[in-house]
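Participant: Sequence and predicted model, in that order:
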Amino acid sequence: MTLRFSVLASGSTGNAVYVETETERLLIDAGLSGKKMDELFTTIGRDPKELNGIVVSHEHSDHIKGVGIFARKHKLPIYANEKTWQAMDSQLGQIATEQKFIFHTGEVKSFGDLDVESFAVSHDAAEPMFFAFHHGGKKLVLATDMGYVSERIKGTIEGADMFIFESNHDMNMLRMGKYPWSVKRRILSDVGHVSNEDAALALSDVIRDNTKRIYLAHLSLDNNMKDLARLSVEQVLKEQGMAVGEQFELYDTDPHKPTPLAVVS
């Protein structure tokens with residue numbers, strides 16, 4: 001029994017994650033053009049026509065830009081909660097009624113042998129939610145677009161074998177950067193994004209002995225860098241007594257190219 005995934009793209013310009021078991025294939029968000037989405041699937045050697053559906057976390061364009069065209073082209077069902085549907089419906093173009101499905105926040109929805117557990121996050125969208133994927137006793141967590149990581153979220157995601165976790169910005173780069181104060185304030189708020197340091201502190205509370213890999217995701221193009229995010233998270237985790245590089249490894253994600261398909265082990 002094998003659970004696999006690829007972070008197809010991650011960052012402020014577009015986000016998409018692919019998850020599969022032996023029988024099920026899901027796309028989580030499609031925040032890039034339909035053409036780019038097809039290219040990403042070709043890169044990982046998968047056919048979008050074999051997808052069982054698209055699951056949408058929230059309505060921001062960097063998560064839904066390609067959802068409508070991709071669903072129409074490949075005749076895919078779309079799953080989202082009611083408030084997200086209301087917020088994104090007009091942005092997707094014409095979607096047939098039989099392709100629209102409700103996935104409630106807090107629900108565990110089964111797609112064949114893959115159980116997808118949704119949980120609410122604090123972000124400035126209608127009703128944002130992210131996911132824990134369960135298959136064969138293994139657990140993969142996707143958690144980005146969070147202003148902060150609540151104790152409730154920690155309780156849901158703790159003990160994952162692998163994490164795809166937001167490490168959006170370096171505090172100093174953001175404070176010194178070119179963004180207007182209104183945008184900086186939004187990013188730093190409880191409905192914004194998690195910094196490198198806050199990501200590490202949250203991870204230190206949810207990593208367990210079985211955790212093998214952490215993928216740092218949704219890095220800001222202007223206020224972060226891969227090396228900086230990785231070093232910052234590693235430093236804080238080591239300060240918290242975590243055996244980075246021994247018990248588990250940190251991995252980068254990229255806004256333009258997918259991570260190699262990985263087995264959740």
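Facilitator: The structure has been received and is ready for your questions.
Participant: where does the nearest residue to residue 190 once chain neighbours are set aside sit relative to residue 241, distance-wise?
Facilitator: Spatial nearest neighbour of residue 190, excluding adjacent residues (CB to CB, 6 or more residues apart in numbering): residue 147 at 4.1 Å. Bear in mind the C-beta positions are built from the backbone N, C-alpha and C, glycine included. As for residue 147, its distance to residue 241 is 27 Å (criterion: CB to CB, to the nearest Å).
Participant: okay, these two: which has more neighbours?
Facilitator: Taking other CB atoms under 10 Å, residue 147 and residue 241 do not tie; residue 147 has more neighbours (20 against 7).
Participant: Hmm, the more buried one is touching residue 195, no?
Facilitator: No. Between residue 147 and residue 195 there is no contact under CB atoms under 8 Å: 10.5 Å.
Participant: Tell me which other helices or strands whichever helix or strand residue 234 is part of touches.
Facilitator: According to DSSP states H and E, residue 234 maps onto helix 226-239. Helix 226-239 is packed against helix 196-206, strand 213-217, strand 249-252, with contacts defined by 3 or more CB pairs under 8 Å, 6 or more residues apart in numbering; DSSP states H and E.
Participant: Pull up the pairing partners for the second one, direction included.
Facilitator: Okay, so that is strand 213-217. Applying DSSP bridges to the sheet, strand 213-217 is found paired with strand 162-166 (parallel), strand 249-252 (parallel).
Participant: where along the chain do the helices fall?
Facilitator: Taking DSSP state H as the test, the helices found in the chain are 34-44, 61-64, 67-74, 82-92, 151-157, 171-176, 181-188, 196-206, 226-239.
Participant: Buried residues, the shortest one. List them.
Facilitator: Put plainly, it is helix 61-64. Buried positions in helix 61-64, judged by neighbour count with 16 or more other CB atoms under 10 Å: 62-64.
Participant: Among the residues you listed, which one sits closest to residue 158?
Facilitator: Using CB to CB, residue 63 comes nearest to residue 158 of those, at 24.6 Å.
Participant: how about the closest one, what does it touch?
Facilitator: By CB atoms under 8 Å, 6 or more residues apart in numbering, residue 63 lies in contact with 15, 29-31, 56-57, 145.
Participant: can you tell me which of those are in strands?
Facilitator: Using DSSP state E, no member of the contacts of residue 63 sits in strands.
Participant: what's the closest of these to residue 103?
Facilitator: Nearest member of those to residue 103, counting by CB to CB, is residue 56, at 8.2 Å.
Participant: Tell me the confidence at that closest one?
Facilitator: With respect to pLDDT, residue 56 scores 99.
Participant: rewinding a little: tell me which of the strands paired with strand 213-217 sits most buried.
Facilitator: Among the strands paired with strand 213-217, strand 162-166 has the highest mean neighbour count (mean count of other CB atoms under 10 Å), at a mean of 27.
Participant: Pull up the gap between the most centrally placed residue in the chain and residue 157, please.
Facilitator: Nearest residue to the geometric centre of the chain (CA atoms, centre = their mean): residue 142, 4.4 Å. From residue 142 across to residue 157, the span is 9 Å (CB to CB).
Participant: any common contacting residues for the two?
Facilitator: Common neighbours of residue 142 and residue 157, using CB under 8 Å, 6+ apart, are residue 132.
Participant: So which bits of stretch 127-140 are buried?
Facilitator: Quick answer for stretch 127-140 (16+ other CB under 10 Å): 127-135, 138-140.
Participant: from those residues, which two are the most distant?
Facilitator: So, the buried residues of stretch 127-140 by CB to CB: farthest apart are 127 and 138, at 27.6 Å.
Participant: mind showing which ranges of this protein have poor pLDDT?
Facilitator: Nowhere does the chain drop to pLDDT under 70.
Participant: my read: residue 232 touches residue 201, true?
Facilitator: No. The pair residue 232 / residue 201 is not scored as a contact, 11.0 Å apart, by CB under 8 Å.
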